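Colleague: Take this sequence and fold it.
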Amino acid sequence: MIHWLAAAGALLVSLDSMMNIAFPAIAATFAVPPERVRWVIICYVLTYAITSFAGGAAADRIGHVAVFRAGLALSAVAYVMGGLAGTYEWLLVARVVQGFAGGFIYGTAPALATIGAPRGSHGRRLGFLNAAMGLGALGPLAAGLLLERFGWRLVFHVRVPLALGVLAWSITLVSSEPMERARRPVTLADLTRAQVLLASALSFVARGAIFAIWLLAPFYLVEARGLSPAMGGVFFMLAPLGTAFAAPLSGRLADRVGPWAPAVAGLVIESAGLALLGTADGATPLGLVAIGLFTAGWGVGFFEVPNMAAIMSAFSPTQQGAAGGLSFLARTLGVVVGVASLAEIFAVRRVTVGFLGAFAEAHMTAAIAVAVAALLALAGRRAILRGP
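Modeller: Below is the predicted model:
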């Protein structure tokens, strides 16, 4: 039952996908340009990148459920703050608080998902966890409907009862964690092993690239293509929906053949999807745009589960909180760098080639980065396959 609770918490955090389709409305409310909206992402993601690792490492010593519950309670507070923000700056403060909360949940969820499970089934457990996170794909659709009727602030408020509900469940659930407390903290030597460094680098690139979609696609769909927020949400959710479908499949495959082959395949598929979006303009059939979104999301979902399993297998059973937190640290640092760099590319190139040209170039840049990561994975396959 504890792995269901971990999945529920991860799903709650992943519902932040609701924010992305709200970016145009937020930009209009606070009179900020599209590229400045990146700080709504960065303030949140950079904070939970750091706290996911710190929270996971602390949970190895004080208990994963306690840290997990703290994240749920703080999430409810952050959602209220975000919905009531009167200025753009206060919205960013709320996002920092939300980042602490998300980090506590993400930093403990992988360890909770695999507690008591045989090592040979970790891929399936992590696939289930990542599938739950991928169900955040429903967020943009719900957000689009809320935006049309009530405005973007309800995108925050609607998650308050969800956070409180999962918190109440965690309190009523009697947990007896069969995990021995860590006898020593994770050291620099643990973090700099070849398997850990390579898997972390791949995660950094894969997540950084996919956020070209998360940042720019809402503006492309709603403003450049003239879709309503609700219809834009339908299209936008295809990327995380692809992630949700791919995660359980790659988890089971990783348990059978090891993490390397599905991880490389996922990177190749993600690169193909991003490259397809890199050809999009104002006349591209929306069906092709939908295929590009779903393919890129499928690729990153197929990659992340075996990659996370590779990182966690490199650490002892008493360090699984730190291991899970590290996997989120790598991917979320990638998000921060990806959002910042791709937004800068978009902003600079938009002056010369316009919105559509800059949109295409940002996605093609992301596709090339993921293709290079796939080559790196091939070159370092022995390090990925090496056990703890």
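Colleague: Give the buried residues for the helix or strand that V205 is a member of.
Modeller: For V205, the host element (DSSP states H and E) is helix 194-219. Neighbour counts using 16 or more other Cβ atoms under 10 Å place 195-196, 198-219 of helix 194-219 among the buried residues. For every residue, glycine as well, the C-beta is placed using N, CA and C.
Colleague: Give me the helices and strands touching it, please.
Modeller: On a contact count with 3 or more Cβ pairs under 8 Å, 6 or more residues apart in numbering; DSSP states H and E, helix 194-219 meets helix 18-30, helix 38-62, helix 229-236, helix 238-257, helix 260-277, helix 286-313, helix 320-379, helix 381-385.
Colleague: low-scoring stretches of the stretch 101-250 of the chain, by residue?
Modeller: 119, 137, 174-184 (pLDDT under 70).
Colleague: 90 instead?
Modeller: In the predicted model, the stretch 101-250 of the chain carries pLDDT under 90 at residues 106-107, 110-152, 171-197, 207-208, 210-241, 243-245, 247-250.
Colleague: dump the residue contacts of the closest residue to G99 other than its chain neighbours.
Modeller: Spatial nearest neighbour of G99, excluding adjacent residues (Cβ to Cβ, 6 or more residues apart in numbering): T47 at 2.6 Å. Residues in contact with T47 (Cβ atoms under 8 Å, 6 or more residues apart in numbering) are 95-96, 98-100, 102-103.
Colleague: Kindly provide the distance from T47 to V335.
Modeller: As defined by Cβ to Cβ, to the nearest Å, T47 lies at a distance of 12 Å from V335.
Colleague: Switch the helices and strands packed on helix 194-219 over to JSON lines; also include distance to V160.
Modeller: Listed next are these as JSON lines, based on distance: least, Cβ to Cβ, whole Å:
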{"stretch": "helix 18-30", "distance to V160": "13"}
{"stretch": "helix 38-62", "distance to V160": "17"}
{"stretch": "helix 229-236", "distance to V160": "20"}
{"stretch": "helix 238-257", "distance to V160": "22"}
{"stretch": "helix 260-277", "distance to V160": "33"}
{"stretch": "helix 286-313", "distance to V160": "27"}
{"stretch": "helix 320-379", "distance to V160": "23"}
{"stretch": "helix 381-385", "distance to V160": "41"}
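Colleague: Least confident of those helices, on average?
Modeller: When the helices and strands packed on helix 194-219 are compared on mean pLDDT, helix 381-385 scores lowest, with a mean of 54.
Colleague: what about the helices in the stretch 1-150 of the chain?
Modeller: With helices called from DSSP state H, counting those that start in this stretch, the stretch 1-150 of the chain shows them at 2-14, 18-30, 38-62, 64-84, 88-114, 122-134, 138-150.
Colleague: Just list the residues touching V37, thanks.
Modeller: Per Cβ under 8 Å, 6+ apart, neighbours of V37: 23, 26-27, 215.
Colleague: Make sure A117 is actually in contact with R125.
Modeller: Yes: contact criterion Cβ atoms under 8 Å: A117 and R125 qualify, at 5.1 Å.
Colleague: Can you give me every residue that contacts the nearest residue to A49 once chain neighbours are set aside?
Modeller: Excluding the flanking residues, the one nearest A49 by Cβ to Cβ, 6+ apart is T332, at 3.4 Å. Contacts for T332 (Cβ under 8 Å, 6+ apart) come out as 45-46, 48-49, 52, 207.
Colleague: of all those, which comes closest to Q319?
Modeller: When the contacts of T332 are ranked by distance to Q319 (Cβ to Cβ), S52 comes first, at 14.5 Å.
Colleague: Report the contact partners of the closest one.
Modeller: S52 is in contact with 102-104, 106-107, 324-325, 328-329, 332, counting by Cβ under 8 Å, 6+ apart.
Colleague: try it again with 10 Å
Modeller: S52 sits next to 71, 99-100, 102-110, 321, 324-332 when contact means Cβ atoms under 10 Å, 6 or more residues apart in numbering.
Colleague: gap between it and V45?
Modeller: Distance check for S52 against V45: by Cβ to Cβ, it reads 10 Å.
Colleague: shared neighbours of the two, anything?
Modeller: Jointly contacting S52 and V45 under the rule Cβ under 10 Å, 6+ apart are 99, 102-103, 331-332.
Colleague: How much space separates the closest residue to L293 other than its chain neighbours from A194?
Modeller: The shortest distance from L293 to any non-neighbouring residue, by Cβ to Cβ, 6+ apart, is to L238 (4.2 Å). Separation of L238 from A194 (Cβ to Cβ) stands at 36 Å.
Colleague: And for S316?
Modeller: Distance, S316 to A194, by Cβ to Cβ: 17 Å.
Colleague: In contact with the closest residue to A330 other than its chain neighbours: list those residues for me.
Modeller: Leaving aside its chain neighbours, A330 sits nearest to S200 (3.8 Å; criterion: Cβ to Cβ, 6+ apart). Residues counted as contacts of S200 (Cβ under 10 Å, 6+ apart) are 191, 307, 310-311, 326-327, 329-331, 333-334.
Colleague: how about 8 Å then?
Modeller: 311, 326-327, 329-330.
Colleague: Of those residues, which pair is most distant in space?
Modeller: Maximum distance among the contacts of S200 (Cβ to Cβ): 10.0 Å, for I311 and L329.
Colleague: that older thread, among the contacts of V37, pick out the one closest to A163, please.
Modeller: Taking the contacts of V37 together and measuring to A163 by Cβ to Cβ, the closest member is I26, at 20.6 Å.
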